[in-house]
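Chemist: From the sequence below, what's the structure:
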Amino acid sequence: MDQSVPTPTATQDDDAYPGATMPKIVIFSIVGSLMMTMLLQALFQTVLSTALPKIIISLHGLDRFTWVMTAYFLGMTAIVPIVGRLSDQFGARRFLLAGVVIFIGGTLLGGFANSMDVLIAARAIQGIGGGMGMTLVMIALGDLFSPKDRGRWQGLFGATFGVASIVGPVIGGWFTDNGPLVGGFVTEATRWRWIFFAMVPVGLLTFAALWRYMPATRGKSHDGPRMPLYKRIDLAGAVLSTSGTVTLLLALVWGGQPQHGWGSVEVLSLFASAAILFAAFIAVERVVASPLLPLILFTDRSYIGNALIALSAGTAMMGIATYMPLFMQNVLGMTATSSGATITPMMLSFITGATISGFLVGRFGHYRRAAMVAAIILLVGGGMLALMTPQSSVSHAVVAIVIAGLGIGSMFPLITLLAQASAPRHLLGAATANVTYFRSTGQVMGVAVVGTVVTHSLAVRLGGPTPTNLLGLPTEPLGFAIIDGFMVVVAAGVIALLATTLLREPAATAERRERA
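Modeler: As a prediction, the model looks like this:
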């Protein structure tokens, strides 16, 4: 397709999409390789959750506990808007392959980590690769399929994300309890290393599948090949966006740590720096020839509402996924494997919600109603979590996370579908990447903000600083501290519900854009 000609919008003829004319075997091959990418990189969002108690004991890092999860999302969040816009300009295939290579490198480093700092660095590298892969998978689906067909495919990928989240805690728990011993390197206390080593062959297989089946694609941006390369790449925007994102997320994480605190000079300085960097970023985006973030997207209130829902869904998901295993193991006394198994019902409900909402919205539309129902379900589940006590039964906890998982799962495909259906097709990558950015930021907030509440509540209940090790820690104060943290999930449900009032159906958004 001649890139100097405007690409059809998402509301135009379905035949403009390659998926309408490709043979089924080709479609299944491409989709299969993309699913492998999603499965591998989504797996590492939760696979360490059941291993973290043993990792903390092994590497002595309860004070940096949240960083093992946060570093992954920090790397992911920083790269998402950059790679999304680059895919609009240059196509997705090369960036998908590069993302898998980066991910494998971080995975190897994590397996050999001999300190908490090295493990955190490995997780950040994994996050960069994972952010590239998972964002580009959803962009590739938008490139291939028309809006009416995306629902079932993205529902399927939402289910794939859920499967990864199901098997992640179980795999992590199994390797933590049963991984083979290797001399003095992998001992009883460091069996968790196999979580990383076992995934390297899977990463190589994923790379091979993408190399074989993922077609080379040309950029669909209006910039055109005649524009000089240095003008097509918004380098200043990329630097400012990355710097602002890292600074903001550092402020969120450090604010929840006892050695800093929200009112400390360091944290307040980081927040101020982030505000300045983002202000400079917006100023640059208004004048550059090919902005990293097309500001026209945010002239639509529906896109803003969708971004808030993405932020809330990410916060709720990781708040539960990170702290529920800790509650199961160190309050209810379950093993790592058993606590992983109890998370499975939540992820099954996540898959159910993603599959059903993707299918129904693809078939009937009604994005706003579907998002509203999903937010109400999340709010009910979060409320049940916040009403637990350290003496609550396992069944109470499981029912609560099943309901919350159903609500979160229903939101995930809606976020991408609404972004892609309401944006011009030549901005599909940027629109998809930026709602993914908000979801990833929410995931960091879920770990950081819930961690802040847990750490503060535990310190208050113990009458002193938060200990750096779980050994010998009384279960009741820890249990109540984690339950206090689940109030953040309730707040996320409230914000998501309020944000649905901003949504318009994509057809109305497209009509408004055409009039403008």
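Chemist: Show me the residue at the heart of this protein, geometrically.
Modeler: residue 440 (4.2 Å; C-alpha atoms, centre = their mean).
Chemist: show me what contacts the nearest residue to that residue once chain neighbours are set aside?
Modeler: Of all residues not flanking residue 440 in the chain, residue 77 sits nearest, at 4.0 Å (C-beta to C-beta, 6 or more residues apart in numbering). C-beta here means a position set from N, CA and C on the backbone, and glycine is covered the same way. Residues in contact with residue 77 (C-beta atoms under 8 Å, 6 or more residues apart in numbering) are 127, 131, 245, 249, 437, 440-441, 443-444.
Chemist: so after the strand or helix carrying residue 429, what's the next helix or strand?
Modeler: Per DSSP states H and E: residue 429 is located in helix 428-462. Beyond helix 428-462 on the C-terminal side, the first helix or strand identified by DSSP H and E is helix 475-485.
Chemist: Check which helices and strands that following helix sits against.
Modeler: helix 301-330, helix 428-462 (3 or more C-beta pairs under 8 Å, 6 or more residues apart in numbering; DSSP states H and E).
Chemist: Give me the buried positions along the shortest one.
Modeler: Within helix 301-330, the residues scored as buried using 16 or more other C-beta atoms under 10 Å are 302-330.
Chemist: Kindly report the same for the last one.
Modeler: Of the residues in helix 428-462, those with enough neighbours to count as buried (16+ other C-beta under 10 Å) are 428-459, 461.
Chemist: ok now it, how far from the chain's centre?
Modeler: 10 Å (C-alpha atoms, centre = their mean, to the nearest Å).
Chemist: neighbours around the residue nearest to residue 266 when sequence neighbours are not counted, how many?
Modeler: Among residues not flanking residue 266 along the chain, residue 260 sits closest, at 5.6 Å (C-beta to C-beta, 6+ apart). Neighbours of residue 260 under the rule other C-beta atoms under 10 Å: 17.
Chemist: Okay, residue 260 and residue 271: tell me how far apart.
Modeler: Using C-beta to C-beta, to the nearest Å, one gets 12 Å for the distance from residue 260 to residue 271.
Chemist: Please apply the same query to residue 432.
Modeler: Residue 432 is 28 Å from residue 271, by C-beta to C-beta.
Chemist: again, but for residue 197
Modeler: Taking C-beta to C-beta, one finds residue 197 at 39 Å from residue 271.
Chemist: Next: residue 367.
Modeler: Separation of residue 367 from residue 271 (C-beta to C-beta) stands at 33 Å.
Chemist: if you count what's nearby, which of these two comes out ahead?
Modeler: Shown here are residue 367 and residue 271; by other C-beta under 10 Å, residue 367 has more neighbours (24 against 16).
Chemist: didn't the more buried one look like it was pressed against residue 415?
Modeler: No: checked against C-beta atoms under 8 Å, the pair residue 367 and residue 415 is beyond contact range at 10.0 Å.
Chemist: Need the overlap of contacts for those two.
Modeler: If you check residue 367 and residue 415 against C-beta under 8 Å, 6+ apart, no residue is contacted by both.
Chemist: and the closest residue to residue 186 other than its chain neighbours, how many neighbours does it have?
Modeler: Leaving out its chain neighbours, the residue that sits closest to residue 186 by C-beta to C-beta, 6+ apart is residue 193, at 5.4 Å. The number of residues packed near residue 193 is 22, by other C-beta under 10 Å.
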